Structures are given as C-alpha cells and as structure tokens.
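> show me the folded form of this:
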Amino acid sequence: VTFTEPHSSIGLTLYFSGDIPSDVKVEWYALEGKKLAEETFSPDSSTFFCGREVEEYGKLVFSFMGTARPMRYVKMDYIEYGRRWKLGRDMIKTAGIYEEIDPTSATLSTNTADIQFIDEKDDFSLARPEGLWRFLQKNQEVRLVEYVDGKAVECGTFYLDSWSVQKTLVRFSFVDLIGLLDKTSFYNGSVYENTEAGLIIDSIMASCGVTDYTIEPEVYAVMLSGWLGIQSHRAALQQVVFACGAIADCSRASGIRIYRPDKYVSHTVGLDRRFMGTKITLDEYISDVSVDYTQYVPEDSESQVYKGVLSPGMNRIDFSQPYLAGSLAVNKGTLAEASVNYVVVSAEEETECIITGRKYAAVKNSCTAGIPVVATGKSRKTKKYSGCTVMS
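Here you go, the predicted model:
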C-alpha cells in the first residue's frame, strides 16, 4: 500500500473474511523508501489489531507467512490505519449533538457535536510523550451511536475539529461533513450557461475529495446559469442548492443528501414533546419573496487584469471577478494555466508582469413573487435574498 502523504498511527487493524493467516509480517517505509519498522504478528481472530506505533510512513508491505489451516487462502476485506476506540457510558461525562437546518438553504447549516470524558489512564496528557494525543488528527472521523432500549440509533458521523485537556477531563468538539467543506477552497468554478446542477455539484465534491453524497434526480436535472468564484466548498454548494430550491443535509448519516424538501407538513410535534423552559416564537408574516441575482456577459473589449512583480517559479494570481479564460494573455513569463477565476504564470526571474483579458460584465437583476391577497389582519412584508451568483 503506497500513500502520497505521510501517515502516523498506533497500529493497523486487519479485517479478514473466513480463514486467517498464522503469521503476517508488516513493514513500514518512509515516502523516500527508507524502512522505518518491521514486525511479525500472529492473528487469532477475523479482526486483528497489529499494535506498533510508527510515525510518518508512506508505504506498507504485508507478507502472509502461512495459513492457520492447510490448503486455504487468506482473505482480507480491508485495512484500517489505526484502531477503533470505543467510548462508553463508563467514560463519558457529557455528550451532545446540535442539529440545524434552513429549509430555504439561504445558509448551509453545520451540525456539531461535543463530548467530554474522563481520561483515567492519562492517555491524552500532554506530559506523556507516548500518549495517544500524538495520534489525534485534524478531521479524524467519529461515529456517534445512542442505545435506546437496547437498540442502536445512528446519530451521525462527525469529524474532530478541536480538543482540549484539563486535568483528567478531555473535551472533543466535532463538525459534520458540511462543516469540513467550510475548511477548503473551491477554485474550479466557472461561468455556466444552462448546465445541469448535478454536474456542478459533482465538480464541487470532486474538488474537495468527498465521495459519500447523493443527489435527488429532480435536483440533478435543474439547469443553472451564472458564476461560481473562488470560495469555500460549503459556500459554493450553498449557491447551487439555493438556486435549485433544494437542501443539503447529513443529519444522522455519514454522507450528504441533496434533495428538495416536502412543501407540506408531514409531522406534528405535540405539546407532550415540549420540555420545560422551551421558548417558542412565531416569525413575522411574509407575503412576498424577492431574490437578487447576477447574470454574466463577456465584454467585447480587453482590459488590464493584473499588474505586479512576479517571483521566480510558479505564481498564482486569483481573480475577484470572472474573466474569459481563452482571452487571458501575459506580456512576461509563460501562462501555465488559465481559468475563469485565476491564472498560473511561470517566471524564470523576478519580473513585472501585465495580464490582460476580457472581463465578464455583471448584470444585476431582481425577481419578486408574492401572494395576490394578504391574510386578514396582516400587512405585506417582503423577504429579500441577495448575493446569488447562479440561478435557474
């Protein structure tokens, strides 16, 4: 198994199917090829943990030295680079999940979780150089399950955002998959003209490496026009789902579900479900909805996009507005890559560079829809949405 980036783990968990090997030799190598460690293990179950702390490895070699029974194949389902660590009621002091959703997708909400537990063995004490804290990784996955009347209820998959230790009390804070999208930038946006929403969403997900998502066919087929500039993956996804009248949500699940919500009330929360101290408020009456959006049209004439001094090597220049990629040109250096949102210019030495190209002119529009007759005792009130760069 080869990696493109270095990994560190307290060991490896092997999952076998059926017959297991009598012995398995594991070798750890650095990215440059140097052998870091070697150890032989004797599995005694279909799920076996090879305990060996190795840091900064980039390659693994598994050698199965023999089988537990003669004339049998070794069948291995998969490998986990680490060990599943279960937190139970005996360790957890407090645990909570906060879930939120905006049915209009004017904002793309992030679900969060918070767990505090007692670290009796000081595994996460910073005073212990060999402690488990060394192997905590940003965005490490955690699966939350609650047992109600003996039945497992999936509460969702979250990712480590931050952690802290105070004496023996450890606190983990998590975000969901949509929260992860907020931590990386989407550069590959474009100016779209009647493009399927599903294709745009696929490009956003591919850019951030997310594969666990589903798109309702009705949403996938919505035709969109507009522009997605350089922004977080979460912000780009919000623009698309808002334009489709859809929702992106990963509550109680591992992946993101993109779908159109029901436009009717399917459940009623009775007074018997209300907790003491709950505050219930009624939002103001809305009779009209106004959406401001922008269309983009390429200008006929060229203009100066950038003027500045480039350093030797590859220089990336980001744009705050879209430019026609095929019209971009540089007077010094070599244009290595040209996009609607950025260019990459290669320079052999420090030099002043001027970039020219055709800009997309922004044409601002507004669309308003409302009910013809206002309810008795109410006055007209408009809800405005702005900042939309893609539309259907």
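> and residue 369, what are its bridge partners?
Judged by DSSP bridges, the bridge partners of residue 369 are residue 289.
> just give me the neighbour total for it.
Using other C-beta atoms under 10 Å, residue 369 has 8 neighbouring residues. Where you see a C-beta, it was placed from the backbone N, CA and C, and this is true even at glycine.
> the worst-scoring helix or strand of the chain on mean pLDDT pairs with which strands?
Ranking every helix and strand in the chain by mean pLDDT, DSSP states H and E puts strand 141-148 at the bottom, with a mean of 88. According to DSSP bridges, strand 141-148 forms sheet pairs with strand 151-166 (antiparallel).
> need the next SSE after the strand it pairs with, C-terminal direction.
Once strand 151-166 ends, the next helix or strand along the chain (criterion: DSSP states H and E) is strand 169-175.
> buried residues, that next one. List them.
170, 172, 174, 175 (16 or more other C-beta atoms under 10 Å).
> hang on, the earlier thing: now the least confident helix or strand of the chain, how far from the centre of its chain.
20 Å (C-alpha atoms, centre = their mean, to the nearest Å).
> buried residues in that strand, which are they?
Neighbour-count burial for strand 141-148, counted by 16+ other C-beta under 10 Å, picks out residue 144.
> still on that earlier bit, got JSON lines for the buried residues of strand 169-175, with distance to residue 69 and pLDDT too?
Shown next, in JSON lines, are those (distance: C-beta to C-beta, whole Å; pLDDT from 0 to 100):
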{"residue": "170", "distance to residue 69": "43", "pLDDT": "91"}
{"residue": "172", "distance to residue 69": "42", "pLDDT": "92"}
{"residue": "174", "distance to residue 69": "43", "pLDDT": "95"}
{"residue": "175", "distance to residue 69": "46", "pLDDT": "96"}
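> where does residue 236 sit: helix, strand or coil?
Following DSSP: H, G, I helix; E, B strand; the rest coil, the label given to residue 236 is helix.
> next one: the one 5 residues further on
With three-state DSSP as the basis, residue 241 sits in helix.
> ok, now residue 179?
Look at residue 179: counting by three-state DSSP, its state is helix.
> contacts only, for it.
Contact analysis of residue 179 by C-beta atoms under 8 Å, 6 or more residues apart in numbering lists 110, 111, 112, 159, 161, 234.
> distance of residue 273 from residue 147?
Taking C-beta to C-beta, to the nearest Å as the measure, residue 273 falls 21 Å from residue 147.
> same thing with residue 174?
Look at residue 174 and residue 147: by C-beta to C-beta, they are 19 Å apart.
> over to residue 106?
From residue 106 to residue 147 the distance is 36 Å (C-beta to C-beta).
> what does residue 27 give?
Relative to residue 147, and taking C-beta to C-beta, residue 27 is found at 40 Å.
> what does residue 376 give?
As judged by C-beta to C-beta, residue 376 and residue 147 stand 50 Å apart.
> where along the stretch 151-300 of the chain do the helices fall?
Taking DSSP state H, counting those that start in this stretch as the test, the helices found in the stretch 151-300 of the chain are 177-181, 197-208, 217-220, 233-244.
> export those helices to a markdown table and tack on mean pLDDT?
Shown next, in a markdown table, are these (pLDDT from 0 to 100):
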| stretch | mean pLDDT |
| --- | --- |
| helix 177-181 | 95 |
| helix 197-208 | 97 |
| helix 217-220 | 97 |
| helix 233-244 | 97 |
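> pick the most deeply packed of those.
Mean neighbour count (mean count of other C-beta atoms under 10 Å) peaks for helix 233-244 among the helices of the stretch 151-300 of the chain, with a mean of 24.
> what helices and strands are in contact with that helix?
helix 177-181, strand 185-186, helix 197-208, strand 223-227, strand 247-249, strand 382-388, strand 390-391 (3 or more C-beta pairs under 8 Å, 6 or more residues apart in numbering; DSSP states H and E).
> residues contacting the fourth one, please?
Looking back up the chat, that one is strand 223-227. 189-197, 200, 239-240, 243-244, 293-296, 322, 340, 360, 388-392.
> again, only this time at 10 Å
Contact partners of strand 223-227, identified using C-beta atoms under 10 Å, 6 or more residues apart in numbering, comprise 189-201, 239-240, 243-244, 293-296, 321-322, 340-341, 360, 362, 388-392.
> do the second one as well
Residues from elsewhere that reach strand 185-186, judged by C-beta under 10 Å, 6+ apart: 203-204, 207-208, 228-237, 318, 341.
> closest one to residue 39 out of those residues, please.
Ranked by distance to residue 39 (C-beta to C-beta), these are led by residue 208 at 35.7 Å.
> skipping its backbone neighbours, what lies nearest the closest one in space?
Distances taken as C-beta to C-beta, 6 or more residues apart in numbering put residue 233 closest to residue 208, at 4.5 Å, once the chain neighbours are dropped.
> contacting residues for the one you found?
178, 180-186, 204-205, 207-210.
> ok, these vs residue 135, which is closest?
residue 180 (19.6 Å).
> who are the contact partners of the nearest residue to that closest one once chain neighbours are set aside?
Sequence neighbours aside, residue 159 is the residue nearest to residue 180 in space, at 5.6 Å (criterion: C-beta to C-beta, 6+ apart). By C-beta under 10 Å, 6+ apart, the contact set of residue 159 is 113, 137-142, 174-177, 179-180, 183.
> now those in TSV, with distance to residue 381?
TSV is the format used below for these (distance: C-beta to C-beta, whole Å):
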residue	distance to residue 381
113	36
137	48
138	44
139	42
140	46
141	44
142	43
174	38
175	34
176	33
177	35
179	33
180	37
183	37
